[in-house]
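>>> quick one: sequence plus predicted model below, questions after.
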Amino acid sequence: KEADRGAYPYYMLKEIDEQPAVLHRIQETYLENPAQPAIGADLLAAMKQADQIYIVGAGTSYHAGLVGKELFERLAQVPTQALVASEFAYADPMLSQHPFFIFLTQSGETADSRQVLVRVKEEWHAPSLTITNVENSTLYREATYQLLLKAGPEIAVASTKAYTAQIAVEAVVAKALGMAKQIANAKQFDLQHQLSLAANAIQAIVDDKEEIKQIAHDNLATTRNAFYIGRGVDYFVALEAALKLKEISYIQAEGFASGELKHGTIALIEDQTPVIALLTQKKTAGHTRSNIQEVQSRGARVLRIASQNLAKPGDEIVIPAISELLIPLISVVPAQLLAYYASLERGYNVDQPRNLAKSVTVE
Ligand code: G6P
């Protein structure tokens with residue numbers, strides 16, 4: 001059975017390892033015709049009307065929405081915002097003329113996200129799509145349209161494969177919409193190929209997990225805090241990477257936009273503070289390297305996660321280079337493993353962190 005832990009000590013590790021298979025399943029489900037992703041004609045027609053897309057989620061799903069913003073803007077040329085459900089539920093937004101709402105939710109049961117969906121229907125009368133892992137869940141049933149993540153049951157409280165599945169399915173939808181709108185970027189974007197590259201890259205990273213275990217042992221066993229830094233989508237991944245670390249290792253971890261360090265947060269850097277930098281975007285990697293020097297000269301212990309094409313000698317974790325738009329699918333994986341091994345190292349129950357629930361059905 002898919003929900004069996006098998007020989008794995010924790011579900012989280014099993015679910016990290018399953019990510020290449022999840023990407024393949026998404027390819028099989030939606031990309032049988034790679035040029036024309038199968039998301040349904042009605043959904044596509046509704047999305048074509050949208051002058052703005054609002055992606056709503058909580059926790060890890062919100063972080064997947066941040067990456068989605070880039071995908072929808074680049075591939076489909078629709079202005080897109082990612083929104084924290086619990087904030088948006090009680091906000092007074094100035095919505096566009098023809099808003100379209102996307103709900104990202106692994107469980108399909110998050111009360112904060114559902115509260116937004118209620119307003120979408122009752123107050124704003126706008127169309128909605130729920131992208132979820134659970135068929136017939138509340139948000140699945142209540143949205144106008146629905147797509148499944150196909151990630152298989154996710155048991156560990158810390159979400160891993162649902163995050164990567166959400167990004168992949170967002171890419172499917174963005175590509176479909178871009179194709180329908182004849183956007184050149186969408187036509188040129190070989191999603192099928194990129195997902196295959198991503199699956200292979202993740203496989204290579206998880207095959208090498210002992211290396212990351214050692215890095216966690218050397219850097220995260222006793223530290224009180226740790227920071228992830230990056231720019232653009234690297235910043236979005238930094239937020240998710242830091243959340244993983246907080247959730248299961250209880251290290252006070254934060255994700256920062258690396259250019260913002262000097263405007264305040266660099267004050268937090270002490271001797272030996274771990275700072276983990278993400279370097280996957282050509283336009284900004286050089287700037288982030290300057291920020292690395294700034295923290296290093298204040299005593300930080302820096303670890304670099306760099307894509308192959310941007311890597312320099314000495315970078316601690318080098319990941320294969322794929323499309324910069326989809327690289328979050330793979331750059332997050334070392335961070336998932338670092339969190340897992342940091343939690344183990346500190347002697348915690350990885351799958352059941354204190355104070356957290358897999359699905360939160362209260363506001
Ligand atoms: C809980 C979980 C998180 C998850 C969030 C949103 O807080 O612990 O891992 O990201 O809910 O859940 P959803 O099911 O809506 O994706």
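Yep, that arrived. Remember, predicted model here, so these are calculated numbers, not experimental data.
>>> give me the phi and psi for residue 4.
The phi/psi pair for residue 4 (degrees, to the nearest 10) reads phi -80, psi 140.
>>> what about it, how many residues nearby?
Look at residue 4: counted by other C-beta atoms under 10 Å, it has 11 neighbours. To be clear about C-beta, it is placed using only N, CA and C from the backbone, and glycine gets the same treatment.
>>> what pLDDT is listed against it?
With respect to pLDDT, residue 4 scores 87.
>>> and what of the one 10 residues further on?
For residue 14, the pLDDT comes out at 98.
>>> and it, how far from residue 127?
Plainly put, residue 14 is 36 Å away from residue 127 if you go by C-beta to C-beta, to the nearest Å.
>>> which stretches of the stretch 151-300 of the chain form helices?
All helices of the stretch 151-300 of the chain, identified by DSSP state H, counting those that start in this stretch, fall at 161-180, 184-188, 191-207, 209-220, 233-249, 282-296.
>>> just the mean pLDDT for stretch 351-363, thanks.
91.
>>> scratch that, stretch 245-262 is what I was asking about
The average pLDDT within stretch 245-262 is 96.
>>> what's the neighbour count on residue 199?
Neighbours of residue 199 (other C-beta under 10 Å): 22.
>>> follow-up on the earlier one: got the helices of the stretch 151-300 of the chain as CSV, with distance to the ligand columns?
Shown next, in CSV, are the helices of the stretch 151-300 of the chain (distance: least, C-beta to the nearest ligand atom, whole Å):
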stretch, distance to the ligand
helix 161-180, 6
helix 184-188, 27
helix 191-207, 19
helix 209-220, 20
helix 233-249, 7
helix 282-296, 26
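>>> tabulate these (a markdown table), appending distance to residue 30.
Listed next are those as a markdown table, based on distance: least, C-beta to C-beta, whole Å:
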| stretch | distance to residue 30 |
| --- | --- |
| helix 161-180 | 5 |
| helix 184-188 | 14 |
| helix 191-207 | 9 |
| helix 209-220 | 29 |
| helix 233-249 | 22 |
| helix 282-296 | 28 |
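>>> taking the stretch 151-300 of the chain, what residue is nearest to the ligand?
Nearest residue of the stretch 151-300 of the chain to the ligand, counting by C-beta to the nearest ligand atom: residue 159, 4.0 Å away.
>>> with the ligand as the reference, measure out to the closest residue to that residue other than its chain neighbours.
Leaving aside its sequence neighbours, residue 159 sits nearest to residue 60 (C-beta to C-beta, 6 or more residues apart in numbering; 4.1 Å). Residue 60 is 4 Å from the ligand, where distance means C-beta to the nearest ligand atom, to the nearest Å.
>>> determine the three-state secondary structure at residue 60.
Secondary structure, DSSP: H, G, I helix; E, B strand; the rest coil: residue 60 is helix.
>>> number of residues surrounding it?
As a burial measure, residue 60 scores 22 neighbours (other C-beta under 10 Å).
>>> now do residue 153
Quick note: residue 153 (other C-beta under 10 Å) scores 13 neighbours.
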